[in-house]
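Visitor: Sequence isn't available, so here's the structure alone:
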């Protein structure tokens, strides 16, 4: 242990490797996850008085919180509208409940500010609160350095215990108990909602693929369409097909609308499968692939930047832009942050969403120019990243006093705000400020893991005395602070807001910012439909919950 004590880099990466190994242990549908596992290992190693410089913790927390805000920014601002107001109400329920319960427990059991903040962070299963709360404790007036260290240690210990019980509770409550309370089979209800939004088309299971894809290309031999113009042929199908090529003898002709077909022409047609079949009956028999008429379907990943598109459903988007049908372009996937959404007719498109478009190359390029920009996220723009964190750190230094209570965002809150703004602005202007989702997620996860490891190492010596003093209270708080807001949200969501039940279950997991919960829900549902509710509340709560740490510390420390 002496080697680890003398070389803090060994301690950090030992906590990470062993912590993520512990986090993989599965009991039924429950896994602790790498962050909680890292904190447990760090607390154990920290009992041997192994520590890391506090500056390391601050730097990595800034990277984590900025990346978190950057990823959530586009959807956070997109959801600040009347249509999403009902989901915003669920986030308010969460905020009021966790703050109220944490404050009530602190007063009832005379808890110090660190323990109360740790209960808030752990029971809400929001790791970012650990950072914002510990940072706020360091700025409290009248505390000695030893008291600050002790209270910050209490944050980590209380967080660990409450997180464990809060995590188990939210996963079981949302994925197992809520469907029973709502008297639904989650898989059947999700499939029915999917079919409803897709006009009665059966949804696919997670391990299924379409045996008959909707977008296809076929070649036909002209025997029936002698004398017909290309434009007339495309118009007869309402723009659901496009002619991509015509081969006459050894020559490949430009398929202009005025071109007349003659007997024995070979015609390549691309479009919806049903329309292709109908068109073939008008042209002649289908033929095998023909050299020279093997034009492939192009694919583009496009970030939505068009203002008029934001808030439209996919069905409305296709109606607004006739190029979809005219040029044979189709939306096959919708990516929102790192969540894959169903590309159904009723899926709402927001600025910053990445749409996968498939179709003929010429039409595809024309459509991309109208609705967005081709995603170019191959390298990180470190100028943009660095300026964002600098701006966040400066913003966090501003202190506002409400009476005798000093409130400030701190580095964590400041970088969260600038991360939201920089991520939102990037979604509207895709020509600069690249921060690939893979890179952002890596920095987010690594930053949080290093921060948690540093916090756990520092908190190790204070862990056991706190557990002996409040051992029974912490598990109770972890369970209660999940069940109370989740139950209230369930009642409000069904009785007042009338949110569709699969979406409501996903939204409640999102208000708790619980990725393990939504993972378990989608496994039970065998569908990504609950994600449609989860992404809205997750984006809102990811911004709002970290701000509760400084608020609680400010109120209790006044």
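Guide: Noted; the coordinates are in hand. Nothing here was measured: the structure is a model prediction, and the numbers come from that model.
Visitor: okay, and for the stretch 201-350 of the chain, where does confidence drop off?
Guide: By pLDDT under 70, the weakly predicted segments of the stretch 201-350 of the chain are 201-215, 238-239, 292, 294-296, 325-328, 337-339, 342.
Visitor: rerun that using 90 as the cut-off
Guide: The model of the stretch 201-350 of the chain has pLDDT under 90 over residues 201-219, 222, 224-227, 229-258, 264-265, 267-283, 286-350.
Visitor: ok, now the stretch 51-200 of the chain?
Guide: 51-89, 91, 98, 102, 105-177, 180, 183-200.
Visitor: In it, mark out all the helices, start to finish.
Guide: Taking DSSP state H, counting those that start in this stretch, the helices of the stretch 51-200 of the chain run over residues 54-78, 85-108, 113-123, 128-138, 145-172, 178-181, 186-197.
Visitor: Tell me which other helices or strands the first one touches.
Guide: Put plainly, it is helix 54-78. helix 128-138, helix 382-396, helix 410-428, helix 437-470, helix 531-544 (3 or more Cβ pairs under 8 Å, 6 or more residues apart in numbering; DSSP states H and E). Every residue, glycine included, has its C-beta placed from N, CA and C.
Visitor: swap in the longest one?
Guide: On a contact count with 3+ Cβ pairs under 8 Å, 6+ apart, helix 145-172 meets strand 30-31, helix 34-46, helix 113-123, helix 128-138, helix 437-470, helix 473-495, helix 515-525.
Visitor: Buried ones in it, by neighbour count?
Guide: For helix 145-172, a neighbour-count test (16 or more other Cβ atoms under 10 Å) marks 148-172 as buried.
Visitor: so that helix versus helix 473-495, what angle?
Guide: For helix 145-172 against helix 473-495, the angle by axes from the mean of the first three to the mean of the last three Cα atoms, to 10 degrees is 50 degrees.
Visitor: how about the strands of the stretch 251-400 of the chain, start to end?
Guide: Under the criterion DSSP state E, counting those that start in this stretch, the stretch 251-400 of the chain contains strands at 251-253, 266-272, 286-287, 298-304, 312-313, 329-336, 339-341, 348-349, 354-359, 372-374, 399-402.
Visitor: What strands flank the fifth one, and is each parallel or antiparallel?
Guide: Okay, so that is strand 312-313. Sheet pairing here is set by DSSP bridges, and for strand 312-313 it gives strand 348-349 (antiparallel).
Visitor: now the partner strand, how far from the centre of its chain.
Guide: Put simply, strand 348-349 sits 15 Å off its chain's centre (Cα atoms, centre = their mean, to the nearest Å).
Visitor: Helix, strand, or coil at residue 243?
Guide: strand (DSSP: H, G, I helix; E, B strand; the rest coil).
Visitor: so what's it up against?
Guide: 230, 233-234, 255, 267-269 (Cβ atoms under 8 Å, 6 or more residues apart in numbering).
Visitor: Tell me which residues touch residue 102, please.
Guide: The neighbours of residue 102, taking Cβ under 8 Å, 6+ apart as the test, are 116-117, 119-120, 123, 477, 481, 552.
Visitor: any idea how far residue 500 is from it?
Guide: 31 Å (Cβ to Cβ, to the nearest Å).
Visitor: need the contact list for residue 173.
Guide: Contacts for residue 173 (Cβ under 8 Å, 6+ apart) come out as 482-483, 486.
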